[in-house]
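Q: quick one, structure for this:
(2 chains)
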There are 2 protein chains.
Amino acid sequence: MDLKSHIARVPDFPHKGVTFWDVSTLLQNADALAYTISALADHYRSQAIDKIIAPESRGFLIGGAIAKELHAGFVLARKPGKLPRKTIREEYALEYGIAALEVHADSIQPGEHVLLFDDVLATGGTANACARLVERQGGEIDDMCFLMDLQYLPKTADLSRFNIFSLLQYTEKDLRHPFDTKPSLFTEIAK
Amino acid sequence: MDLKSHIARVPDFPHKGVTFWDVSTLLQNADALAYTISALADHYRSQAIDKIIAPESRGFLIGGAIAKELHAGFVLARKPGKLPRKTIREEYALEYGIAALEVHADSIQPGEHVLLFDDVLATGGTANACARLVERQGGEIDDMCFLMDLQYLPKTADLSRFNIFSLLQYTEKDLRHPFDTKPSLFTEIAK
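A: Numbering: from 1, shown residues only, chains lettered A, B, ... in the order given. I've put the predicted structure just below:
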């Protein structure tokens, strides 16, 4: 399935010069959504995965469905202040400033095998913070999976200790690719 | 399955006098998560559901998995400013102030059958706003489902035109119920 044709490219969102890849158009399509979830889960069916961890909030969507497919539990990595019980926190650098993610302090048991999912791999900071939140609880995290790997962005976090699987790889070429598919997706970007 | 035993009651979060029902402890448990998703999806397998709509952000998690189970698309109802293309917006009253949700203006096609999911039904304002966003696009929404219906709260929105299904119903009795299960969940609430 040509999944890229279901993802809308939105220039200059949320800031000028940034290209936003809008997966909402993929999620809206039942066939594309089912294919995406199955293809990601299929990659791990032979492994014993105890839990999926995914960051707020788009990671929750496909991540929860992957957890169901693999009969795993699900750990929410949330922005500070959202989780009601005792948490641990990891901060990470953004292009401008610092962000942080929290998980409940009892969300992983020592020795559990955890798989990270997020919709987009950009610089790797978010994924690396999630991994540290797993490792600090004694969990094992060897694998990370993504819907999209934005290979044209430099990775600022060192993810070399993980096995990384992405369904779609985006390069400089995709940034230059003309809007030649599903023009109706793009005619209304005048927000 | 006794799902209630997997949900942590957190008093005075996020504000004094409010009881927060923490479903993260259910999500972390693979059996409880799989049971929850299947039980919600089973209720609709005989119906033709084109799309699931769910509000940010906890609704995304189980909602996405229900979409996969029913082979439906998924529509994100997000807080203002998060969606990159042309949107429509519905405002609704909170206890103090106004909140709003947005969906992309091309997220529903006229005549599509849409099912709403959210983890908690409280006053009904969020669910009603989602329904209006469906109806304004010409979608048909007859059904809403929830993990938890907080029946001890007065419904301020009129949801009488919808068929409502909830897996768990919480009454005044649940607010008074002693913490007699899984004490490890509750010993660390001193956040």
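Q: chain A: strands as residue ranges?
A: Using DSSP state E, the strands of chain A run over residues A:8-11, A:19-22, A:51-55, A:73-77, A:87-93, A:98-104, A:113-121, A:140-150, A:163-170.
Q: my guess is A:K51 meets A:L116, correct?
A: No - shown here, A:K51 and A:L116 do not form a contact pair, counting by C-beta atoms under 8 Å, at 9.9 Å. (Each C-beta comes from the backbone N, C-alpha and C, glycine too.)
Q: just want to know which of the two has more residues nearby.
A: Taking neighbours as other C-beta atoms under 10 Å in any protein chain shown, A:K51 and A:L116 compare with A:L116 leading, 30 against 26.
Q: what's the nearest residue to that one if we skip its chain neighbours?
A: Once flanking residues are discounted, A:L116 sits nearest to A:M144: 4.3 Å by C-beta to C-beta, 6 or more residues apart in numbering or on different chains.
Q: now do the buried residues in stretch A:73-81.
A: For stretch A:73-81, the neighbour count (16 or more other C-beta atoms under 10 Å in any protein chain shown) marks A:G73, A:F74, A:V75, A:L76, A:A77, A:R78 as buried.
Q: let me fix that: stretch A:138-152
A: Buried, per 16+ other C-beta under 10 Å, within stretch A:138-152: A:G139, A:I141, A:D143, A:M144, A:C145, A:F146, A:L147, A:M148, A:D149, A:L150.
Q: picking up where we left off before, export the strands of chain A to a markdown table and tack on distance to B:T19?
A: Below are the strands of chain A laid out as a markdown table (distance: least, C-beta to C-beta, whole Å):
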| stretch | distance to B:T19 |
| --- | --- |
| strand A:8-11 | 40 |
| strand A:19-22 | 37 |
| strand A:51-55 | 27 |
| strand A:73-77 | 19 |
| strand A:87-93 | 19 |
| strand A:98-104 | 18 |
| strand A:113-121 | 30 |
| strand A:140-150 | 34 |
| strand A:163-170 | 41 |
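Q: any chance of these in a markdown table, plus mean pLDDT and distance to B:N128?
A: As requested, these are exported to a markdown table (pLDDT from 0 to 100; distance: least, C-beta to C-beta, whole Å):
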| stretch | mean pLDDT | distance to B:N128 |
| --- | --- | --- |
| strand A:8-11 | 94 | 28 |
| strand A:19-22 | 94 | 26 |
| strand A:51-55 | 98 | 28 |
| strand A:73-77 | 98 | 26 |
| strand A:87-93 | 95 | 32 |
| strand A:98-104 | 96 | 31 |
| strand A:113-121 | 98 | 28 |
| strand A:140-150 | 98 | 31 |
| strand A:163-170 | 98 | 36 |
